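> no sequence on hand, only this structure:
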């Protein structure tokens, strides 16, 4: 891998020179804990051996060294909906990914060297990393559709927290290992497994010391911002990011275009004029709703509905798209809504209307309850990023035909 190459090792030493002493003790401590002895007990190849192996296996291409100051963009990745990343392809097959406008990552093709004169603020990632520590749960489904779950060796979510069957099965079989949550990773395990990339959600910003520690141990940290996308297809378009990381750019582009094409009838339809409230009841008895302008309200509008809380706008620069309101206020805003959708991705799944009414007796007065037009989501819907397309199809179906049977839906079912 590129992170084992001699030039990459020199590069990492350059940008972390001031932290060398701390890195040494971190690595030494982890090595002792893992039972690795500095005198006579080491196994495997040294970094120098690995560098030589990469060069000998990849041939002349491994000897091509580019100067960043002279490299030019050959093509920019076309984006239709995503606003939180941009990607440019440079000569030699290098990709520069810019996240949230200012955080930059250089994806280096296998067998290629890190360009000289690369700015210190650019994080280097080897394309095709296959010892990934995935903490950002929304990315797992995008890896799945690219046949890339095998590249994820370490997970920030244990088996009982995954609704994606392939991820759950991989952990249960030992092909994927639980390596601790974002705020408390198992550094010893990450090192012993040769972790070559950590993919984090923006939650890592609440634990900056963890990101610093990972980087000091030589593990590049990629922080994805798909949760800041206000368009549901913008979140799905992050598949292009992971296509670049895996070296499957064409597969990612093709998958995204196919998904958008499957929505042609939905996106091209007129509004039904029917109002929709999307919510769940908290343990404190409040109604949790999504603010207007976020991906949920956008999804409802694209599917032909009118969001019931158009007056409650959110901050476009914030990933916090929900808010709690007292049931009396929720009553005023959603009592006359044509459709209620109960969000079971947070709360326990409901099976009957009585279970819903047990959460608040005020709901009995809602028009949608009286009309029997209350629907519930499955718990997996928001862990499966690719499911946004199917969920939009479901919403469109129940808005255009109230008698749509559950069997024809993917993520919604009617409460009886």
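Here it is on my side, so go on. Remember, predicted model here, so these are calculated numbers, not experimental data.
> and residue 394, what is it in contact with?
409, 410, 411, 412 (CB atoms under 8 Å, 6 or more residues apart in numbering). From N, CA and C alone the C-beta is placed, and that goes for glycine too.
> and the gap between it and residue 348?
In this view, residue 394 and residue 348 are 20 Å apart by CB to CB, to the nearest Å.
> same deal with residue 220?
For residue 220 relative to residue 348 (CB to CB), the value is 38 Å.
> more neighbours, the two?
Between residue 220 and residue 348, counting by other CB atoms under 10 Å, residue 220 is the more crowded of the two (20 against 9).
> what's the pLDDT at the more buried one?
Looking at residue 220, its pLDDT is 98.
> contacts only, for it.
3, 105, 123, 124, 125, 196, 197, 198.
> what about those residues, which one has the most neighbours?
residue 198 (28 neighbours).
> which element follows the helix or strand where that one lies toward the C-terminus?
Assigned by DSSP states H and E, residue 198 falls within strand 197-200. Reading on from strand 197-200 to the C-terminus, the next helix or strand found by DSSP H and E is helix 208-216.
> pull out the buried residues from that following helix.
210, 211, 213, 214, 215, 216 (16 or more other CB atoms under 10 Å).
> now, which of the contacts of residue 220 sits nearest residue 154?
Distance to residue 154, by CB to CB, is smallest for residue 198 among the contacts of residue 220, at 8.5 Å.
> which strand or helix spans the closest residue to residue 236 other than its chain neighbours?
Distance criterion CB to CB, 6 or more residues apart in numbering; nearest residue to residue 236, sequence neighbours excluded, is residue 388 at 5.8 Å. Element membership for residue 388 (DSSP H and E) is helix 387-400.
> contacts for the biggest strand by length in the chain, please.
Counting by DSSP state E, the longest strand found in the chain is strand 274-281. Defining contact as CB under 8 Å, 6+ apart, one finds that strand 274-281 is touched by 287-290, 296, 300, 304-309, 327, 330, 333-334, 336-344, 346-347, 359-360, 368, 395, 399.
> between that strand and helix 387-400, how many degrees?
Computed with axes from the mean of the first three to the mean of the last three CA atoms, to 10 degrees, the direction of strand 274-281 lies at 120 degrees from that of helix 387-400.
> which element follows strand 274-281 toward the C-terminus?
strand 287-290.
> hmm, back to that, what separates the longest strand of the chain from the chain centre, distance-wise?
Per CA atoms, centre = their mean, to the nearest Å, the displacement of strand 274-281 from the mean C-alpha position of its chain is 25 Å.
> sorry, back to before: the residue nearest to residue 236 contacts residue 234, correct?
No. Judged on CB atoms under 8 Å, residue 388 makes no contact with residue 234 at a distance of 9.8 Å.
> give me the common contacts of the two.
Overlap of the contact sets of residue 388 and residue 234 (by CB under 8 Å, 6+ apart) consists of residue 295.
> circling back to that earlier point, pick out the most distant pair among the buried residues of helix 208-216.
Largest pairwise distance in those, by CB to CB, is 10.7 Å, between 210 and 216.
> picking that back up, mean confidence score for the strand holding residue 198?
Per-residue scores along strand 197-200 average to 98.
> and that strand, what other elements does it pack with?
Strand 197-200 makes packing contacts with strand 132-134, strand 221-223 when contacts are defined by 3 or more CB pairs under 8 Å, 6 or more residues apart in numbering; DSSP states H and E.
> among these, which comes closest to residue 98?
Comparing the helices and strands packed on strand 197-200 by CB to CB, strand 221-223 comes nearest, at 12.0 Å.
> ok, residue 345 - contacts?
377, 378, 379, 380, 381, 382, 383.
> from these, which land in strands?
Counting by DSSP E, those place residue 377 in strands.
> now, the most widely separated pair of the contacts of residue 345?
377 and 383, at 11.4 Å, using CB to CB across these.
> so which of those two has more stuff around it?
The residue with more neighbours, out of residue 377 and residue 383, is residue 377; 24 against 18, by other CB under 10 Å.
> confidence score at the closest residue to the more buried one other than its chain neighbours?
Spatial nearest neighbour of residue 377, chain neighbours left out: residue 344 (5.0 Å); criterion: CB to CB, 6+ apart. Model confidence at residue 344, expressed as pLDDT, equals 85.
> what's near enough to touch the closest residue in space to residue 387 that isn't next to it in sequence?
Nearest residue to residue 387 in three dimensions, chain neighbours excluded: residue 381, at 5.4 Å (CB to CB, 6+ apart). Residues in contact with residue 381 (CB under 8 Å, 6+ apart) are 345, 387, 391, 411.
> how close does residue 381 sit to residue 394?
Relative to residue 394, and taking CB to CB, residue 381 is found at 9 Å.
> how far away is the residue lying closest to residue 176 once chain neighbours are set aside from residue 164?
Leaving out its chain neighbours, the residue that sits closest to residue 176 by CB to CB, 6+ apart is residue 170, at 3.8 Å. Counting by CB to CB, the gap from residue 170 to residue 164 is 9 Å.
> returning to what we had before: name the strands paired with the longest strand of the chain and say parallel or antiparallel.
strand 287-290 (antiparallel), strand 305-307 (parallel), strand 339-342 (parallel) (DSSP bridges).
> export the ones you listed to TSV and tack on mean neighbour count and distance to residue 100?
TSV is the format used below for the strands paired with strand 274-281 (neighbours: other CB atoms under 10 Å; distance: least, CB to CB, whole Å):
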stretch	mean neighbour count	distance to residue 100
strand 287-290	23	21
strand 305-307	23	26
strand 339-342	24	30
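> in TSV, list these along with distance to residue 190.
Compiled in TSV, these are given as follows (distance: least, CB to CB, whole Å):
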stretch	distance to residue 190
strand 287-290	35
strand 305-307	42
strand 339-342	39
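> do you know which of those strands lies nearest residue 258?
Among these, the nearest to residue 258 by CB to CB is strand 305-307 (24.6 Å).
> how far does that closest one sit from its chain's centre?
26 Å.
> counting by contacts, list what the very next helix or strand once past that strand packs against.
Sequence-wise, the next helix or strand downstream of strand 305-307 (DSSP H and E) is strand 322-325. With contacts taken as 3+ CB pairs under 8 Å, 6+ apart, strand 322-325 sits against strand 287-290.
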